[in-house]
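1. Test case, fold it:
(2 chains)
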Amino acid sequence: MKGAQRVASYYVLPSLVFVLLFSLYPIFESFRLSFYRLILALPWLGQRFVGWENYGDLVTDPVAMQSLGTTLLFVAVTAPLEVVLGLSMALVLNESFRGRALLRAIVLVPWAIPTVVSSQMWRFIFNDRYGLINFFLFGEATHLYLAPLAEPDLAVLAIMTADIWKTSSFAALIILAGLQTIPDELYEAASIDGASAWQKFHHITLPLLKPALLLALLFRTIDALRVFDLVFVMTQGGPADATNVLQFYGYKKTFAEGMIGYGSAIAVVVFFLSLVLSLLYIRLLGARILERSER
Amino acid sequence: MSRKALQPLWWVVIGGFSLVPFLWFVLTSWKSPAQITAIPPEIVPEFHWGFYDSALRNYGLLRYIRNSAIVATLTTLISILIGSLAAYALTRFRLSWTRFYLMLLLAISMFPQIAIAGPVWRILNTLGWLNTYQGIVAAYIALSLPLAVWILATFFKELPYEVEEAALVDGCTWVQALWKIVLPLAAPGLFTASILVFIHVWNEFFFALLILTNPALQTLPVGIALFPGEYTMPWGEIAAASTIATLPLIVLTLIFQRRIVRGLSAGAIKG
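-> Purely as a prediction, here's the structure:
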């Protein structure tokens, strides 16, 4: 089908133009620039090829290394917790009870809220003088009140809390879709054989849910790696760089300090971190979708 | 305890977890200034609309809403148009490269924003498109296309080929087949994809922050993130603006919950 070949390319072309210009070219350009020294504040230095120097600087930059550590910690804590919470919610939402449709819609609310809004909301809840968290912890003993966003460890905990609240529902959705594909007959047969609820969960639900759980975990991992909005609004990377995650650090270096070359090197590192996970994710999801289409 | 007896508990735990923090913020927007800082916290607001008034008058809330509406609507329309053309071709013609292109789009949707932000900024700067609607919309179209194409492709795949083939045999062109037969059948898919793209764009912050530095053009997320106030935060106004920014999304979600869930689990590609 020569005609089909041509028609197909016409149809795809408009999307390709945008993708090439605003996604693919920029990735290659970031790569290229990461091998140059280019500082906007010092235009007279021009654009000088420096090889791996930016990457060398990155390894010896204590803030960058701390930032990498914070990012990985953030991912390692939030993604698994979100999947566990998502699984618990999905199990409940898969039961039949009155008003299930409404509860399913309500669970989507945190997902629908703009991240910037939920960041401000949590910033208010964590407020050092009249935040709800302080009231729950210390009641009216205001002299004990903490300033969570001004203490390094607590600030990390605060952005983790905000992220878990906002995105667990997305994990729940993916897992719920997985739960709905498990045939009821399996549970009925198990009941006849006298299996307990835990045995059914352990021997039927969990094994059959594995692909969905993995998908949710990978997705949350990739997304947590690029956390930015929460940090920008709640802490600006502080206090003392405690919440300065990679994507925020890259943004600061590139756009606030105009260190294009160095910023690009950070960008490339974040890119590779997520690429490894994305490839895994694409193999899983892609295989699933393509299977369905070969009919 | 029987499972039935646990039902109210589920409602309280899951419903409470999902709603209470935001509800607290909404209530804050209706409180009086004294109520906001009260210890112990006062739950029931005085339903005072002063903060909405102030957000509109002193903080340009209306401008942010207008900018967000323009940017999100334009992006949604264009990316659904372009995306449905692509999704149609990718599902109808089994060619060697269509599979690769779908995978490429999926990969792109995973890119961390910072990995492309610098060059995107430079391209728009070269075009003179920083601080313009066309600049932010062009970038957003590229960002939404993977989401749009994947959701549309999963919907298009389920449409029967036979009707369309019959039309082609009867002398319809490919374009006519798409416009007259596939699109009406695919309307639910187009609608679902539109809602998801709209929500995604309405909420986007990173690129809006970089591309729109002129307050006259900034969208709601930028406005809310950069709410001025170094020493005392105007929490009442922030809560009021946040409530207004979120209201359309909550309405969409409550009405179209089923579609959204279906679209998200079909595409499962974007938070």
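2. residues from the stretch 151-271 of chain B in reach of chain A?
-> B:154, B:157, B:174, B:199, B:202-203, B:205-206, B:209-210, B:220-222, B:224-225, B:227, B:233, B:235, B:238-239, B:242, B:245-246, B:249-250, B:252-254, B:257-258, B:260-261, B:264-265, B:268-269, B:271 (C-beta under 8 Å from any C-beta of the partner chain). Every C-beta, even on glycine, is put in place using the N, C-alpha and C of the backbone.
3. Select only the buried ones of those residues in PyMOL?
-> Buried residues within these, by 16 or more other C-beta atoms under 10 Å in any protein chain shown, are selected in PyMOL with:
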select buried, chain B and resi 154+157+174+199+202+203+205+206+209+210+220+221+222+224+225+227+235+238+239+242+245+246+249+250+252+253+254+257+260+261+264+265+268+269+271
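4. Check what pLDDT B:Ile224 gets.
-> If you check B:Ile224, the pLDDT there is 94.
5. That one sits in which helix or strand?
-> Assigned by DSSP states H and E, B:Ile224 belongs to helix B:220-225.
6. by contact count, what packs against that helix?
-> If you count contacts as 3 or more C-beta pairs under 8 Å, 6 or more residues apart in numbering or on different chains; DSSP states H and E, helix B:220-225 packs onto helix A:115-125, helix A:229-234, helix B:61-92, helix B:206-211, helix B:235-255.
7. cutoff 6 Å now
-> helix A:115-125, helix B:61-92, helix B:235-255 (3 or more C-beta pairs under 6 Å, 6 or more residues apart in numbering or on different chains; DSSP states H and E).
8. For the stretch 101-250 of chain B, just list every one of the strands.
-> In the stretch 101-250 of chain B, no segments count as strands under DSSP state E, counting those that start in this stretch.
9. ugh, wrong one, I meant chain A
-> Counting by DSSP state E, chain A has strands at residues A:36-37, A:48-49.
10. Show me what the last one is in contact with.
-> With contacts defined as C-beta atoms under 6 Å, 6 or more residues apart in numbering or on different chains, strand A:48-49 is touched by A:36-37.
11. So in that sheet, which strands flank that strand, and in what orientation?
-> strand A:36-37 (antiparallel) (DSSP bridges).
12. any idea of the mean pLDDT in the strand it pairs with?
-> Here the average pLDDT along strand A:36-37 is 90.
13. Reformat the strands of chain A into JSON lines and put mean neighbour count next to each item.
-> Shown next, in JSON lines, are the strands of chain A (neighbours: other C-beta atoms under 10 Å in any protein chain shown):
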{"stretch": "strand A:36-37", "mean neighbour count": "19"}
{"stretch": "strand A:48-49", "mean neighbour count": "11"}
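14. Now distance to B:Leu95 too, for those, in TSV please.
-> TSV is the format used below for the strands of chain A (distance: least, C-beta to C-beta, whole Å):
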stretch	distance to B:Leu95
strand A:36-37	38
strand A:48-49	40
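15. Which among the ones you listed is found nearest to A:Glu140?
-> strand A:36-37 (56.5 Å; C-beta to C-beta).
16. Report how many residues lie close to B:Ala34.
-> B:Ala34 is flanked by 9 other residues according to other C-beta atoms under 10 Å in any protein chain shown.
17. for A:Ala101, same thing?
-> Using other C-beta under 10 Å, A:Ala101 has 12 neighbouring residues.
18. next one: stretch B:173-187 to chain centre, how far?
-> Distance, stretch centre to chain centre, for stretch B:173-187: 26 Å (C-alpha atoms, centre = their mean, to the nearest Å).
19. Compute the number of surrounding residues for the closest residue to B:Leu74 other than its chain neighbours.
-> Take B:Leu74 and drop its neighbours on the chain: the residue closest to it by C-beta to C-beta, 6 or more residues apart in numbering or on different chains is B:Val137, 4.9 Å away. Neighbours of B:Val137 under the rule other C-beta under 10 Å: 23.
20. closest one to B:Leu143 among the strands of chain A?
-> Closest among those, using C-beta to C-beta: strand A:36-37, at 26.0 Å.
21. what comes into contact with that closest one?
-> So strand A:36-37 is in contact with A:47-50, A:261, going by C-beta under 6 Å, 6+ apart.
22. Please apply the same query to stretch A:216-234.
-> A:75, A:78-79, A:82-83, A:86, A:115-116, A:119-120, A:123, A:159, A:162, A:171, A:174-175, A:237, A:243, A:245, A:247-248, A:273-274, A:277-278, A:281, B:110, B:112, B:205-206, B:225, B:271.
23. Repeat that for stretch B:79-91.
-> A:8, A:11-12, A:14-15, B:98, B:102, B:141, B:144-145, B:148-149, B:152-153, B:156-157, B:178, B:193-194, B:197.
24. do stretch A:242-260 as well
-> Here stretch A:242-260 makes contact (C-beta under 6 Å, 6+ apart) with A:33, A:38-41, A:67, A:70-71, A:152, A:155-156, A:159, A:226-228, A:231, A:235, A:237, A:262-263, A:266-267, A:270, B:112, B:114, B:118.
25. Now the buried members of the residues you listed.
-> Using 16+ other C-beta under 10 Å, the buried members of those are A:33, A:38-39, A:67, A:70-71, A:155-156, A:159, A:226-228, A:231, A:235, A:237, A:262-263, A:266-267, A:270, B:112, B:114, B:118.
26. Mind checking which of those are in helices?
-> Secondary structure assignment by DSSP state H places A:33, A:67, A:70-71, A:155-156, A:159, A:231, A:262-263, A:266-267, A:270, B:114, B:118 of these in helices.
27. How is chain B partitioned into domains?
-> The record assigns chain B these domain ranges, following automatic domain parsing: B:1-48, B:59-267.
28. worst average pLDDT in those domains?
-> domain B:1-48 (a mean of 85).
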